[in-house]
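Chemist: prediction below, plus the sequence it came from.
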Amino acid sequence: MKKRILLSLMIVFCFGCKKDSAFDYSSGLIGQWSWLSSCGGTTNTTCWTPDEAHPAFDIAFAWTSVFNVYQNGNISASSRYSTYKVVSEDRKYTTYLIKFDSGGPERYSITNDTLLLANSDGILAITSRYKRIK
């Protein structure tokens, strides 16, 4: 009996757990990011960068699935978030999405400590770039 239980536990530990690449990828979001620019609009040619008209801000993603926006070191907005991935039927393309409680889903990607968030609200599409600071 003990051998069967031990064998069952070994099978569960060896074969029962798979590494979820979506979780691994989304864990890269955790931390603090500084806004670099946003581009979009109906013609996708309008861009904004931090200046007097567009104050700089930071965003932060926590392990607790809480998203915060900071201006001058103070939280100016907060929301819960969740991440998931969508794989095309032919399995050639993977899209990573983040869903905020306060809005629709946005595509995201992380390359060399740069986060891209792309949202689409009807005919307007805006892509924002952030640099990791923590």
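Modeler: Yes, it's here.

Chemist: what segments of this protein are helices?
Modeler: 2-15, 21-26 (DSSP state H).

Chemist: pull the number of nearby residues for Gly41.
Modeler: Neighbour count for Gly41, taken as other CB atoms under 10 Å: 14. Quick note: C-beta positions are derived from backbone N, CA and C, even for glycine.

Chemist: okay, and the beta partners of the closest residue to it other than its chain neighbours?
Modeler: Closest residue in space to Gly41, ignoring its immediate chain neighbours: Leu124 at 6.4 Å, by CB to CB, 6 or more residues apart in numbering. Leu124 has these beta-bridge partners by DSSP bridges: Asp121.

Chemist: do I have it right that Leu124 meets Ser38?
Modeler: No - between Leu124 and Ser38 there is no contact under CB atoms under 8 Å: 11.5 Å.

Chemist: how near is the residue nearest to Gly41 to Val69?
Modeler: Counting by CB to CB, to the nearest Å, the gap between Leu124 and Val69 amounts to 20 Å.

Chemist: one step back: quick check: the residue nearest to Gly41 vs Leu97, distance?
Modeler: Relative to Leu97, and taking CB to CB, Leu124 is found at 18 Å.

Chemist: now Ser26
Modeler: Taken as CB to CB, the span from Ser26 to Leu97 is 10 Å.

Chemist: over to Leu116?
Modeler: When Leu116 is compared with Leu97 (using CB to CB), they lie 13 Å apart.

Chemist: joint contacts of the two?
Modeler: Arg107, Tyr108 (CB atoms under 8 Å, 6 or more residues apart in numbering).

Chemist: comparing these two, which residue is more hemmed in?
Modeler: Leu97 (17 against 14).
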